[in-house]
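Asker: let me see the structure of the following:
(2 chains)
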There are 2 protein chains.
Amino acid sequence: MASISRRGFLGAAAASAAAFVPGAAGALTEKAPRKWDETVEYLIVGTGFAGLASAIEAHTLGMKNVVVIEKMAFPGGNSVINGGAVAAAGTDMQEKAGIKDSADLLYRDILKAGGGIAHPDLARHIADESVENFYWLRDKIGVKFAAVTYHGGHSVKRSHSNTAHQGSGFIEPMLKVCEKYGIPIRMRTYLEALIEDEKGRVVGAKIREGYVFPKEKSGKVKYVRSKKGVMLACGGFAQNVKMRMSHDPRLTSAFGSTNHPGATGEGIQEAQFLGANTVHMDWIQLGPWTSPDEQGFGLCPLLTEPLVGYGPMVDPKTAKRFVMETGNRKVRADAIVAIGHPVVMYACEKNIMNQAVGKNLSEKMWAELQKSGVVHKFATLKELAAFYNIPYDALQAQNEKFNGYMKAMKDPDFNCKFFKDGVPNTEANGPFYGWRLWPRVHHCMGGLEINNKAQVLDARGNVIPGLYAAGEATGGVHGMVRLGTVAVADCMIFGRTAARTAKAYKPA
Amino acid sequence: MASISRRGFLGAAAASAAAFVPGAAGALTEKAPRKWDETVEYLIVGTGFAGLASAIEAHTLGMKNVVVIEKMAFPGGNSVINGGAVAAAGTDMQEKAGIKDSADLLYRDILKAGGGIAHPDLARHIADESVENFYWLRDKIGVKFAAVTYHGGHSVKRSHSNTAHQGSGFIEPMLKVCEKYGIPIRMRTYLEALIEDEKGRVVGAKIREGYVFPKEKSGKVKYVRSKKGVMLACGGFAQNVKMRMSHDPRLTSAFGSTNHPGATGEGIQEAQFLGANTVHMDWIQLGPWTSPDEQGFGLCPLLTEPLVGYGPMVDPKTAKRFVMETGNRKVRADAIVAIGHPVVMYACEKNIMNQAVGKNLSEKMWAELQKSGVVHKFATLKELAAFYNIPYDALQAQNEKFNGYMKAMKDPDFNCKFFKDGVPNTEANGPFYGWRLWPRVHHCMGGLEINNKAQVLDARGNVIPGLYAAGEATGGVHGMVRLGTVAVADCMIFGRTAARTAKAYKPA
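Answerer: Residues are numbered from 1 along each chain as shown, chains lettered A, B, ... in the order given. Predicted coordinates:
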């Protein structure tokens, strides 16, 4: 097996019999300009968790001319609409709450969720750095934390929620620190191409200033040299239908995304054109809890999740259940996708009031869900059937069956879990509330292959000098399935690691 | 979302403000030489089903100077050691055997096995061409067919076995046709790099003649221009430990492969360096039926497969069963990998004689398995336990439990299927035979992304002009799981399709 790097070919080729014609090179990799418009020390693409963490770390390490570019008009990318909790294993906050945790335990949880294909060295790096990263956020960045919460798949509570309960609770303090440090965040600035030198080292970028997403040729081209290379913190490709369909052809434009519109993956593609390797691109996570009747992530997941095991989910064409409602995200999403049209979930008022409203779904949100037409109220099951065009007799039969299973706490059809405080979904416990579900593309597990120094690897597994990546633009960290709030730690830890690697980088 | 091709950047960039320095281009893509050593019409890399089918088709279409190169010392790659059956849906041979089949049914079977991620347009192309391909093999190439056989996952019998019952029954007649047509097959000739012109079109290759696998710098460099482009029929990467570990880190060198040693994937990597996209690379199929006590595919699978449901498979450390023995390849292989060391399967002589010997395992093979030490004979279960270092008491208990399940035809532990003609594995039905199992890497479902014209697509989904691929070097056809004998049809059909596309190719 040949292990030579394609990147190392020039020397060997020049020494071979055939001479090269200068200037006859391929058109694929963008060429260095005669004159650069600007020279910076460290160029970062993207203003989510990974990009901002990398910028702050670089400044802290003494790098002088750190520049962050962002193609959108607002900073924060997908991170700012994130759930606002970060995984850390072994913090003082956990200790106070009586939670025993360790890096080893987090490491094992990541690998387990990853289904065997997560890259152990990347998972290990996150596990080892998670506590320091938490203290950095709290003590250096000034993030305020509210509680240590639980997310499915973790062995213990270790998701540290900020007080805003969303990603902005991290992004805003990070932006403030950038401002304090004088790190420029240039909005509407698009990475059009990465530029390599004659030795295959990434030495800069062709960018467009004044870019108006998604207009391809908008803005003014500028060539920026970056002495310590370029860092890709540009996120995933959930909003790029063509790109996601090449890896999972089911994900047509019939599926929306919970992501911000700019999650279109061009940064990954640019790196591929330099020979960068991608891994796990077909592991694209769908959220099974979104409604086709509202946009983005919406409020529906906050209603759906606490109701699984309390109300049935049916195919409106047949009135039949088709999946364990308490199954994991992937099981449920795959089942709905296989059905091919939105499904209906419903429950009686008592179950909804007992499980959701006033708990993780505020009264205000509950009112909003009904006002916006995402959730509908029905005096009878017959009304519900008529509204969703479900065959009523079949629905009635299915409903009675489900009520029987709930009572027996046993589901011979799909092995759904039930809970002691569930009440039968009868007219007596009514009225009924119904809502439609149709999955949205939520997270791209795959992306550029990196090593544990956040260096991008090429198709042969060799480092591409001067090219770094972190966060959803990369793959391998999570393997098949991402654990909630680990991606946040991933972004920050590998973003900061990239800065350290860039600081130490001396182009050979 | 930007949809511009990186391949189209040159024009736009040249018109922009910054001027380019001729000769300052990246070192990544091999440059065209001042003088080509040779010019051919159509260069094919690889002598398996895809490469030879493409060569023959190209000649038939009137292409004059078709050249096939092969890095190994022997032609046929992995194809020649293949099982020797090709899927076709709706042949006269099926009709004679009373089998109703259709392209639509094959199409649906491929998509079903693919778990939703197979590329429908590629599956459709195979389904539509399968019958014609079968007649081509039989009537034009002179392949002799023995029977229509069944492979798991297909709706009907549609695997057309050649009389040799192995891939050589296809490869040998194809080589004879190549000889008749005067198509040169150049052995020990290695593709070191693909060469693009200034417009990003593949125009030739840097090869090494007299190459001695796996010596990187062996042989003499030669630059070959290919007027109609280059066809990659160079197979998968099952034997490239580093490459497979980047997609599935479990597949360390602790796992052998059923593949020929040359299945090392450099052709895929070379295309990646030109910006080619890869898909489904993490779907690497392990065969759960191979023995660590023999090489390659070996004979053990022929013993293991007919014995599932008749004898238990245990972890020698605990004597415990750990998976449904009748589960599919993936289920079983994943379970053994999770255990982390070879497992032991055994059965009493009666079950072995009834199910395997004299059926798919000849008397001669059975003798060979014992002589080579792959299978061992034991007078008692105690002897077996001692030999494999299994705790005897626990094994005895497990054995009785399994015998009980066999009798009841029901396995509450793992839901294994049992069959009416199974006998309990008791000393009375002895002696016992035992063998060890450790999976081997068998097939790479993933590879280069192609369209249904066998053109390689780049990271943005655009065609790379002059670059074609077929067979195991490509991904998308099978999705998650490959149906037996469909890969053979895939190779031949897309190999021939590539020839048609190349014939029609007029560099723009």
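
Asker: so which bits of stretch A:215-229 are buried?
Answerer: A:216, A:219, A:221, A:222, A:223, A:224, A:225, A:226, A:227, A:228, A:229 (16 or more other C-beta atoms under 10 Å in any protein chain shown). Using the backbone N, CA and C atoms, a C-beta is placed for each residue, glycine as well.

Asker: sitting in strands, which of these do you find?
Answerer: A:221, A:222, A:223, A:224, A:225, A:226 (DSSP state E).

Asker: so what sits opposite the first one in the bridge?
Answerer: I take that to be residue A:221. Beta-bridge partners recorded for residue A:221 (DSSP bridges): residue A:208.

Asker: follow-up on the earlier one: redo the ones in strands among the buried residues of stretch A:215-229 as a markdown table? Include pLDDT.
Answerer: Formatted as a markdown table, those follow (pLDDT from 0 to 100):
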| residue | pLDDT |
| --- | --- |
| A:221 | 96 |
| A:222 | 97 |
| A:223 | 97 |
| A:224 | 98 |
| A:225 | 98 |
| A:226 | 98 |
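
Asker: let me know the closest of those to residue B:90.
Answerer: Among those, residue A:221 lies closest to residue B:90 (C-beta to C-beta), at 55.7 Å.

Asker: residues from the stretch 251-400 of chain A in reach of chain B?
Answerer: A:264, A:266, A:268-270, A:272-275, A:277-283, A:334, A:337-338 (C-beta under 8 Å from any C-beta of the partner chain).

Asker: is it possible to get CSV of the buried residues of stretch A:215-229 that adds distance to residue A:449?
Answerer: Shown next, in CSV, are those (distance: C-beta to C-beta, whole Å):
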residue, distance to residue A:449
A:216, 27
A:219, 30
A:221, 29
A:222, 29
A:223, 27
A:224, 25
A:225, 26
A:226, 21
A:227, 25
A:228, 21
A:229, 17
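
Asker: secondary structure element for residue A:231?
Answerer: strand A:230-232 (DSSP states H and E).

Asker: show me the strands in the stretch 351-500 of chain A, by range?
Answerer: Along the stretch 351-500 of chain A, counting by DSSP state E, counting those that start in this stretch, strands occupy A:375-378, A:432-437, A:440-444, A:447-449, A:455-457, A:463-469, A:474-475.

Asker: residues contacting the spatially most central residue of chain A?
Answerer: Against the mean C-alpha coordinate of chain A, by C-alpha atoms, centre = their mean, the closest residue is residue A:443 at 3.9 Å. The contact partners of residue A:443, taken as C-beta atoms under 8 Å, 6 or more residues apart in numbering or on different chains, are A:236, A:238, A:284, A:285, A:472, A:482, A:487.

Asker: hmm, try it at 7 Å
Answerer: A:236, A:285, A:472, A:482, A:487 (C-beta atoms under 7 Å, 6 or more residues apart in numbering or on different chains).

Asker: check residue A:251 too.
Answerer: A:244, A:245, A:284, A:441.

Asker: thought residue A:258 was touching residue A:296?
Answerer: Yes - shown here, residue A:258 and residue A:296 form a contact pair, counting by C-beta atoms under 7 Å, at 5.5 Å.

Asker: more neighbours: these two, which one.
Answerer: residue A:258 (24 against 13; other C-beta atoms under 10 Å in any protein chain shown).

Asker: pretty sure residue A:44 sits in a helix.
Answerer: No - counting by DSSP: H, G, I helix; E, B strand; the rest coil, residue A:44 is located in no helix; its state is strand.

Asker: pLDDT score assigned to it?
Answerer: Note for residue A:44: predicted pLDDT of 98.

Asker: distance check, it against chain B.
Answerer: From residue A:44 across to chain B, the span is 19 Å (C-beta to the nearest C-beta, to the nearest Å).

Asker: go on, residue A:128?
Answerer: From residue A:128 across to chain B, the span is 18 Å (C-beta to the nearest C-beta).

Asker: ditto for residue A:91
Answerer: Look at residue A:91 and chain B: by C-beta to the nearest C-beta, they are 28 Å apart.

Asker: swap in residue A:30?
Answerer: On the measure of C-beta to the nearest C-beta, residue A:30 and chain B end up 6 Å apart.

Asker: now for chain A: which helix has the highest residue count?
Answerer: Longest helix of chain A, by residue count under DSSP state H: helix A:486-504.

Asker: same for that helix, what does it pack against?
Answerer: helix A:49-60, strand A:85-87, helix A:120-135, strand A:463-469 (3 or more C-beta pairs under 7 Å, 6 or more residues apart in numbering or on different chains; DSSP states H and E).

Asker: point me to the residue of the stretch 51-200 of chain A nearest chain B.
Answerer: Residue nearest to chain B within the stretch 51-200 of chain A: residue A:196 (4.1 Å; C-beta to the nearest C-beta).

Asker: is it true that that residue touches residue A:202?
Answerer: Yes - between residue A:196 and residue A:202 there is a contact under C-beta under 7 Å: 5.7 Å.

Asker: need the helices and strands packed on helix A:486-504 in CSV (columns: distance to residue A:154 and mean pLDDT).
Answerer: Putting the helices and strands packed on helix A:486-504 into CSV (distance: least, C-beta to C-beta, whole Å; pLDDT from 0 to 100) gives the following:
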stretch, distance to residue A:154, mean pLDDT
helix A:49-60, 19, 98
strand A:85-87, 7, 95
helix A:120-135, 12, 98
strand A:463-469, 25, 98
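
Asker: need these in a markdown table (columns: mean neighbour count).
Answerer: A markdown table is the format used below for the helices and strands packed on helix A:486-504 (neighbours: other C-beta atoms under 10 Å in any protein chain shown):
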| stretch | mean neighbour count |
| --- | --- |
| helix A:49-60 | 28 |
| strand A:85-87 | 28 |
| helix A:120-135 | 21 |
| strand A:463-469 | 26 |
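
Asker: check what contacts the longest helix of chain A and list those residues.
Answerer: A:42, A:48-51, A:53-54, A:57-58, A:61, A:63, A:79, A:82, A:85-88, A:110, A:125-126, A:129-130, A:133, A:228-229, A:231, A:233, A:443, A:453-455, A:468, A:470-472, A:477-478.

Asker: could you look up the SS state of residue A:245?
Answerer: Assigned by three-state DSSP, the conformation of residue A:245 is helix.

Asker: show the pLDDT at it.
Answerer: Residue A:245 is given a pLDDT of 98.

Asker: so who does it touch?
Answerer: By C-beta under 7 Å, 6+ apart, the contact list for residue A:245 reads A:251, A:252.

Asker: hmm, try it at 10 Å
Answerer: A:251, A:252, A:253, A:255, A:284, B:117, B:119, B:461 (C-beta atoms under 10 Å, 6 or more residues apart in numbering or on different chains).

Asker: narrow those to those in strands?
Answerer: Mapping those onto strands (DSSP E) picks out residue A:284.

Asker: only the buried subset of the contacts of residue A:245, as a ChimeraX command please.
Answerer: Only the buried entries of those go into this ChimeraX selection, using 16+ other C-beta under 10 Å:
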select /A:251,255,284 /B:117,119,461
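
Asker: Serialize the contacts of residue A:245 to JSON lines and add fields for distance to residue B:310 and pLDDT.
Answerer: Converted to JSON lines, these look like this (distance: C-beta to C-beta, whole Å; pLDDT from 0 to 100):
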{"residue": "A:251", "distance to residue B:310": "43", "pLDDT": "95"}
{"residue": "A:252", "distance to residue B:310": "45", "pLDDT": "95"}
{"residue": "A:253", "distance to residue B:310": "50", "pLDDT": "94"}
{"residue": "A:255", "distance to residue B:310": "45", "pLDDT": "93"}
{"residue": "A:284", "distance to residue B:310": "41", "pLDDT": "96"}
{"residue": "B:117", "distance to residue B:310": "34", "pLDDT": "96"}
{"residue": "B:119", "distance to residue B:310": "39", "pLDDT": "98"}
{"residue": "B:461", "distance to residue B:310": "49", "pLDDT": "96"}
